[in-house]
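# I would like the atomic coordinates for the input below:
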Amino acid sequence: MRQQATRELYSYWNGLRRQRAAPDRAEIDPAVIRSVLSDTFMIEADRDGLFPLRLSGARVNALWARDLKGRSFLDLWGEDRANIAAVLLTVMDGACPIVAGAQTRLSGRAPVDFELLLLPLRHHGRTHARVLGSLASTNLPEWVGLLPIERLELRSLRILSNARPPSDLPLMPRSTGAIDRRTNVRPQFRLIKGGLA
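A predicted model of the protein is given here:
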């Protein structure tokens with residue numbers, strides 16, 4: 001994760017969920033993430049598969065020069081609309097966070113690179129309910145807020161590891177595989193489920 005807003009939001013979400021796959025929507029406190037709130041949005045999983053935006057921050061709205069609340073998140077993407085729908089389903093089905101690279105498209109203007117973060121949320125006990133996200137860039141050009149971008153394009157995608165090493169496991173010393181003469185035990189390889197996808 002390259003953007004500060006992405007790292008902050010992920011860290012907050014990760015702290016809330018503790019040992020669960022995802023925190024509940026009711027646990028999100030906007031005051032705690034106020035420094036990244038303008039880059040943040042929340043998507044609802046609806047029956048029609050349109051994924052409307054329930055909330056959208058000021059900088060996210062400025063990209064399209066309008067309030068995006070109620071608008072389909074898929075409408076913000078051009079030819080990648082179907083891919084983004086699949087990504088959102090992956091976030092919810094696997095309860096796995098995803099970070100992606102995106103780029104703006106606006107005729108006559110240089111593209112702007114963004115970092116997209118998508119995090120699963122539970123809502124009233126349902127896992128397929130909400131997605132918390134952020135869309136952040138280091139250098140926004142002066143035209144943002146004056147000219148609406150036409151669409152976003154997906155450039156890269158990475159599933160973030162949900163695995164956490166159990167805190168009660170001792171660190172294993174490096175070994176050559178020889179038997180420890182003090183305990184008469186050969187070091188063993190230990191597999192912990194999870195890891196990077």
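# in the chain, which spans are strands?
Under the criterion DSSP state E, the chain carries strands at the ranges 40-44, 53-56, 98-105, 113-123, 126-136, 151-159.
# May I see these organised as CSV, with mean neighbour count and distance to Glu142 added?
Just so you know, the C-beta spots here come from the backbone N, C-alpha and C atoms, and that holds for glycine as well. Listed next are these as CSV, based on neighbours: other CB atoms under 10 Å; distance: least, CB to CB, whole Å:
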stretch, mean neighbour count, distance to Glu142
strand 40-44, 22, 23
strand 53-56, 20, 21
strand 98-105, 19, 14
strand 113-123, 23, 16
strand 126-136, 22, 18
strand 151-159, 16, 19
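# Kindly reformat those strands as CSV containing mean pLDDT.
CSV is the format used below for these (pLDDT from 0 to 100):
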stretch, mean pLDDT
strand 40-44, 97
strand 53-56, 96
strand 98-105, 91
strand 113-123, 94
strand 126-136, 91
strand 151-159, 93
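# Out of the ones you listed, the one nearest Arg81 is which?
For the strands of the chain, the distance to Arg81 is smallest for strand 151-159, at 9.0 Å, taking CB to CB.
# how far out from the middle of the chain is the closest one?
Between the mean C-alpha point of strand 151-159 and the mean C-alpha point of its chain there is a distance of 12 Å (CA atoms, centre = their mean, to the nearest Å).
# now for it, which elements pack on it?
Strand 151-159 is packed against helix 81-93, strand 98-105, with contacts defined by 3 or more CB pairs under 8 Å, 6 or more residues apart in numbering; DSSP states H and E.
# okay, these in TSV with distance to Gln4 next?
Output for the helices and strands packed on strand 151-159, formatted as TSV (distance: least, CB to CB, whole Å):
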stretch	distance to Gln4
helix 81-93	22
strand 98-105	13
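# For Phe51, which of those is the nearest?
Smallest distance to Phe51 across the helices and strands packed on strand 151-159 (CB to CB): 5.7 Å, for helix 81-93.
# and the angle for that closest one with strand 98-105?
Calculated by axes from the mean of the first three to the mean of the last three CA atoms, to 10 degrees, helix 81-93 forms an angle of 160 degrees with strand 98-105.
# name the helices or strands packed onto helix 81-93?
Using 3+ CB pairs under 8 Å, 6+ apart, helix 81-93 is in contact with strand 98-105, strand 113-123, strand 126-136, strand 151-159.
# Now render the strands of the chain as a markdown table, adding distance to Asn83.
Written out in a markdown table, the entries for these read as follows (distance: least, CB to CB, whole Å):
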| stretch | distance to Asn83 |
| --- | --- |
| strand 40-44 | 15 |
| strand 53-56 | 18 |
| strand 98-105 | 10 |
| strand 113-123 | 12 |
| strand 126-136 | 15 |
| strand 151-159 | 6 |
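# Which of those strands sits closest to Asp80?
Checking the strands of the chain against Asp80 by CB to CB gives strand 151-159 as the closest, at 4.3 Å.
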